[in-house]
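> this one's structure only:
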């Protein structure tokens, strides 16, 4: 009888142990499944929150720069009064800039067209014979190895902008002239000229420096030295013959 009771007690203990372990395993599995479900649900939400934060930060960084650009643009327009300066140097194809060399060999296409040229003032200031308020100046191309010229008729007030007329010892004032080009002007005996409307100084003239070529200088000195030496040698030999 005692052995039967002991066996029953042992069986009950084993059953309790098995039940306890089964409960613990079930609870652990439920916890894992629950955490997995919670994480699976929260992961997209966390990604959306992170993406929203990145967008907010990017707008926060970009907005001040955009605001500064808009403010500066507005200030520039307000400061200038939205006025177009017709004398500014062209930085695009908006103003048609013509080379003086093209006008020197111009065809009928250029006749009576509005052109804009840039060149160095050379020669002299000549008063117009028909109108005392007008004068003639000559512009020369500023390109290297290009000596093309064009005559320009302008007012004496416009000519006052010129400080230097180009010559051997002086670099003339660089002017930008916008006006009407006449291939054969009927008012001035068929002369090809420009009747200036706008005159702008690009660069004032200055005294021209003539650099000395060292090779030419030393060659000249050597030639003079050889000439003097030859003269003394000739004189010495002539005296000995006497």
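The structure has been received and is ready for your questions. Keep in mind it's a predicted model, so treat the numbers as computed, not measured. Numbering: from 1, shown residues only.
> and the top strand by length along the chain, what's its mean pLDDT?
The longest strand of the chain (DSSP state E) is strand 113-127. Strand 113-127 shows a mean pLDDT of 93.
> show me what it is packed up against.
Applying 3 or more C-beta pairs under 8 Å, 6 or more residues apart in numbering; DSSP states H and E, we find strand 113-127 packed against helix 100-104, strand 134-141, strand 149-155, strand 174-185, strand 191-203. For glycine as for every other residue, the C-beta is placed from the backbone atoms N, C-alpha and C.
> how near is residue 134 to residue 193?
Distance from residue 134 to residue 193, counting by C-beta to C-beta, to the nearest Å: 11 Å.
> and the two? Which one has more around it.
residue 193 (21 against 17; other C-beta atoms under 10 Å).
> contact partners for the more buried one?
150-153, 181-182, 185 (C-beta atoms under 8 Å, 6 or more residues apart in numbering).
> what's opposite it in the beta bridge?
Counting by DSSP bridges, residue 193 is bridged to residue 151, residue 182.
> let me see the domain layout of the chain.
Each domain of the chain is listed here as a residue range: 1-83, 100-207, per automatic domain parsing.
> and the ones you listed, which one is worst for confidence?
Minimum mean pLDDT among those: domain 1-83, a mean of 52.
> what number of residues lie near residue 241?
Neighbours of residue 241 (other C-beta under 10 Å): 5.
> show me what counts as buried in stretch 121-137.
121-123, 134-137 (16 or more other C-beta atoms under 10 Å).
> dump the residues you listed into a markdown table; add distance to residue 158 as well.
Formatted as a markdown table, these follow (distance: C-beta to C-beta, whole Å):
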| residue | distance to residue 158 |
| --- | --- |
| 121 | 11 |
| 122 | 17 |
| 123 | 16 |
| 134 | 9 |
| 135 | 9 |
| 136 | 12 |
| 137 | 9 |
